[in-house]
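Student: Could you work out the structure for the sequence below:
(chains A and B)
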Amino acid sequence: MQLLRRLAIASATGLLLYGIGLWLQDGLIEYVQRIVLLAGINVILAVGLNLINGTTGQFSIGHAGFMAVGAYGAAFFGVKLGPVVERLLGPGVVANAVTFNAALLIGAALAGLTGLLVGAPSLRLRGDYLAVVTLGFGEIIRISFNNAHFLGAATGYFGDTPAGLPAYTSFFWVYAWAIAIVILIRNLTFSQTGRSLAAIREDEIAAEAMATPTTRLKVLAFSISAASAGIAGGLFAYMQSGIRPEDFRFDKSIDMIVMIIIGGLGSISGAIVGGIFVAVTLELMRDLQQYRLVLYALLLIIIMLVRPEGLLGSRELSTAIRARFKRAKVAK
Amino acid sequence: MSTFLQQILNGLSLGSIYALIALGYTMVYGILKLINFAHGEVFMIGAYAGYFAALGLGVQTYGTAGFPLYLALTVLVIAMAVAAMLGVAIEFLAYRPVRSAPRLTPLITAIGVSLFLQNAAMLAFTPNPRPYPPILREVRFELGGVIVTNVKLTIFVVAIALMVGLNWFIQRTWTGKAMRAVSTNMDAARLMGIDTDRIIRATFAVGSALAAAGGILFGLDQITINPLMGMLTGLKAFVAAVLGGIGNIRGAVLGGLLIGLAEQMTAGYLSPDYRDAITFVILIIILMLRPEGLLGVVRPEKV
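Tutor: Numbering: from 1, shown residues only, chains lettered A, B, ... in the order given. Model (predicted):
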């Protein structure tokens, strides 16, 4: 019965997404459509980064690197996989969907694996080492792509044909993945494992004394976080005709950190709000491009000095609204 | 053989610059347990301060005669003073208000300060690299098949002189003694009547001044400077501090020299493409095998 209900909810959501997607395609200019897609991708990035930076309290400042691995992985294997799938299923929407999602999953797996390689040695120690290691590795990953000739080096990767990468990324897929990842990470956060992650954030020594396998859980959270950045990277890659190493500079990691800090570290709904906020303000500030990072930096410092817990703190939007309702009832 | 000696010489002069910067990281970490991400940017601003000071003192007018030594030293002192003030200002405005906050808050603040200085510098100085003024005329001479320049030698000598001076300061002066006390146990130091705020301020001033000296030497060595130079160099210097054992002053010097040598050897014998990567390979290895660093001691974690 429960399974049936869930299936019904899932297919209703799918239909709704599909409908909104169709409506957006006709109703909105391309510029606005792009912002809507970017907002969805940002939500995935923010919710994923929040798992390690917010919930677990370990600070990564190189997530653009994992996004790059996901993007290049999805683009490269998608291009190679496309003809094979078409031969099996015949060209059409189904073949495209299969290729696209398989490519995204491959990209995510590669990004998660990279996360494992980077995280395993540095997460054994106190969290701030992770900040330095991720910063360094984010740069190294970008420089490696800059020198990888089979991936187009500095000019970027545009697939094998002059048309560039196929435009698989649509409203439906972006938001389907965003919803799936938000639900996955929400369930993880409120599970027993999630409680252990929060315990690590609050007091690592006490958590360890309570027999929490701290290193294993930190590495797990970090890999999941890297893998979701990889999904976002794949969606980002198929949104345009190609990807370049400079799309994944250090600035991108900072954008992600701003997203989760504005919303409040440790809050999933905060990360969602922050992701959308950054997508919109980035477009509004397009003319102020060279001032953007100065403003972001000031914003970071001021939030830390004035309200270090961010807009929502570690609360969720749903609990905040419920509490408001309760208080109103009592007042009556 | 002579190429090998050449690499050693270049590595030592580059490494002594890293060592100067690493000292600032290690001193601040020793006292506040904070990775001062803005330190690389203090190094960059120090280089720019030296640049403008040299131009202001009319380095261009001296031509082939060369810049007099007393003016070159003035440039060094001006840059170190500017950086010291910047370091103290950063500590006062950004780090002091969050000193007692949870660990993540000062870390994010430090990242914010670093980003702010980087981008403010890009707006103020333009992102284009600038040729560093010839504070020192280059003189080349050969010594047993090795090309030695007076610039490389000066870098090495100035860096060593500053480090010896720092050692004297830490070991022999009252303030240095207080710094060691605060780094061992801040609360106990305060109970003994040490003004911890003043000592933290002094630590930032000394560390930043050393970074500025490193900035000028870096400008002389690499010929150009740019607003983003602090990021990678700062990271390498931080790795040097971790390699030597973070919080340990002699370790920072040793780590800096080793990183400089490793970088030159990689560039010389493997490929210049990997010169930046080797630092992080070293970091990963040291984190896996000996996370307390070469000269660090293992301290049990306190609850």
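Student: Confirm B:Leu55 sits in a helix?
Tutor: Yes. Counting by DSSP: H, G, I helix; E, B strand; the rest coil, B:Leu55 is found in a helix.
Student: The residue nearest to A:Ile301 when sequence neighbours are not counted: neighbouring residues, count only.
Tutor: Excluding its sequence neighbours, the residue lying closest to A:Ile301 (Cβ to Cβ, 6 or more residues apart in numbering or on different chains) is B:Gly112, at 4.0 Å. C-beta coordinates here come from the backbone N, C-alpha and C atoms, glycine included. B:Gly112: 27 surrounding residues under other Cβ atoms under 10 Å in any protein chain shown.
Student: which secondary structure element contains B:Gly112?
Tutor: Using DSSP states H and E, B:Gly112 maps to helix B:104-125.
Student: Pairing partners for whichever helix or strand comes after that helix, with directions?
Tutor: Using DSSP H and E, the helix or strand that follows helix B:104-125 in sequence is strand B:130-131. Here strand B:130-131 is paired, per DSSP bridges, with strand B:224-225 (antiparallel).
Student: Now the element after the strand it pairs with, going C-ward?
Tutor: Next along the chain from strand B:224-225, counting by DSSP H and E, comes helix B:229-244.
Student: And that next one, what does it pack against?
Tutor: Using 3 or more Cβ pairs under 8 Å, 6 or more residues apart in numbering or on different chains; DSSP states H and E, the elements in contact with helix B:229-244 are helix A:127-147, helix B:2-32, helix B:39-56, helix B:104-125, helix B:196-222, helix B:249-265, helix B:277-289.
Student: if we go to 7 Å?
Tutor: Helices and strands touching helix B:229-244, by 3 or more Cβ pairs under 7 Å, 6 or more residues apart in numbering or on different chains; DSSP states H and E, are helix A:127-147, helix B:2-32, helix B:39-56, helix B:249-265, helix B:277-289.
Student: which residues are in contact with the first one?
Tutor: Helix A:127-147 is contacted from outside by A:57-62, A:64-65, A:68-69, A:72, A:118, A:122-123, A:151, A:153-154, A:245, A:248-250, A:253, B:35, B:107, B:235, B:238, B:273, B:276-277, B:280, B:283, B:287, using Cβ atoms under 7 Å, 6 or more residues apart in numbering or on different chains.
Student: With the fourth one instead?
Tutor: Among residues not part of helix B:249-265, those counted as contacts by Cβ under 7 Å, 6+ apart are B:7-8, B:10-12, B:14-16, B:18-19, B:22-23, B:26, B:163, B:170, B:236-237, B:239-241, B:243-245, B:275, B:278-279, B:282, B:293-296.
Student: and that helix with helix B:2-32, angle?
Tutor: Calculated by axes from the mean of the first three to the mean of the last three Cα atoms, to 10 degrees, helix B:249-265 forms an angle of 140 degrees with helix B:2-32.
Student: So which residues on chain A come close to chain B?
Tutor: A:57, A:59, A:61, A:121-122, A:125, A:128-129, A:131-133, A:135-137, A:140, A:143, A:147, A:205, A:254, A:261, A:290, A:293-294, A:296-298, A:300-301, A:304-305, A:308 (Cβ under 7 Å from any Cβ of the partner chain).
Student: State which helix of chain A is the longest.
Tutor: helix A:93-122 (DSSP state H).
Student: buried stuff in that helix?
Tutor: A:95-116, A:118-122 (16 or more other Cβ atoms under 10 Å in any protein chain shown).
Student: which residues does B:Leu20 contact?
Tutor: When contacts are counted by Cβ under 7 Å, 6+ apart, B:Leu20 touches B:Ala159, B:Leu162, B:Leu210, B:Ala211, B:Ala213, B:Gly214.
Student: List just the nearest of the residues you listed to B:Val139.
Tutor: Closest approach between the contacts of B:Leu20 and B:Val139, by Cβ to Cβ: B:Ala159, at 19.0 Å.
Student: Using PDB, list the CA coordinates for the helix or strand hosting A:Leu305.
Tutor: Here A:Leu305, judged by DSSP H and E, is contained in helix A:289-306. Taking C-alpha atoms only, helix A:289-306 is exported to PDB below (Å, rounded to 0.1, in the frame of the first residue of the first chain):
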ATOM      1  CA  GLN A 289      31.200  40.900 -12.700                       C
ATOM      2  CA  GLN A 290      34.500  42.300 -11.300                       C
ATOM      3  CA  TYR A 291      32.900  43.400  -8.100                       C
ATOM      4  CA  ARG A 292      31.100  40.100  -7.500                       C
ATOM      5  CA  LEU A 293      33.800  38.400  -5.500                       C
ATOM      6  CA  VAL A 294      34.600  41.400  -3.500                       C
ATOM      7  CA  LEU A 295      30.900  41.600  -2.500                       C
ATOM      8  CA  TYR A 296      30.700  37.900  -1.800                       C
ATOM      9  CA  ALA A 297      33.800  38.100   0.400                       C
ATOM     10  CA  LEU A 298      32.400  41.000   2.300                       C
ATOM     11  CA  LEU A 299      29.100  39.200   2.600                       C
ATOM     12  CA  LEU A 300      30.900  36.100   4.000                       C
ATOM     13  CA  ILE A 301      32.800  38.100   6.600                       C
ATOM     14  CA  ILE A 302      29.800  40.100   7.700                       C
ATOM     15  CA  ILE A 303      27.500  37.100   8.000                       C
ATOM     16  CA  MET A 304      30.200  35.400  10.100                       C
ATOM     17  CA  LEU A 305      30.600  38.500  12.400                       C
ATOM     18  CA  VAL A 306      26.900  39.300  12.700                       C
END
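Student: Show the average pLDDT along that helix.
Tutor: Averaged over helix A:289-306, pLDDT sits at 82.
Student: name the helices or strands packed onto it?
Tutor: helix A:250-263, helix B:104-125.
Student: and if we set it to 6 Å?
Tutor: In this structure, helix A:289-306 packs against helix B:104-125, with contacts taken as 3 or more Cβ pairs under 6 Å, 6 or more residues apart in numbering or on different chains; DSSP states H and E.
Student: in the helix it packs on, what's buried?
Tutor: Across helix B:104-125, burial judged by 16+ other Cβ under 10 Å covers B:104-122, B:125.
Student: Next one: the residue lying closest to A:Leu116 once chain neighbours are set aside, what pLDDT does it get?
Tutor: Closest residue in space to A:Leu116, ignoring its immediate chain neighbours: A:Ser223 at 4.9 Å, by Cβ to Cβ, 6+ apart. On pLDDT, A:Ser223 comes in at 94.
Student: Show me the shaky parts of the stretch 101-250 of chain B.
Tutor: By pLDDT under 70, the stretch 101-250 of chain B contains no weakly predicted segment.
Student: Output the set of residues of it in proximity to chain A.
Tutor: Neighbours of chain A within the stretch 101-250 of chain B, by Cβ under 6 Å from any Cβ of the partner chain: B:Ala101, B:Thr105, B:Leu107, B:Ile108, B:Thr109, B:Gly112, B:Leu115, B:Phe116, B:Asn119, B:Ala120, B:Leu235, B:Phe238.
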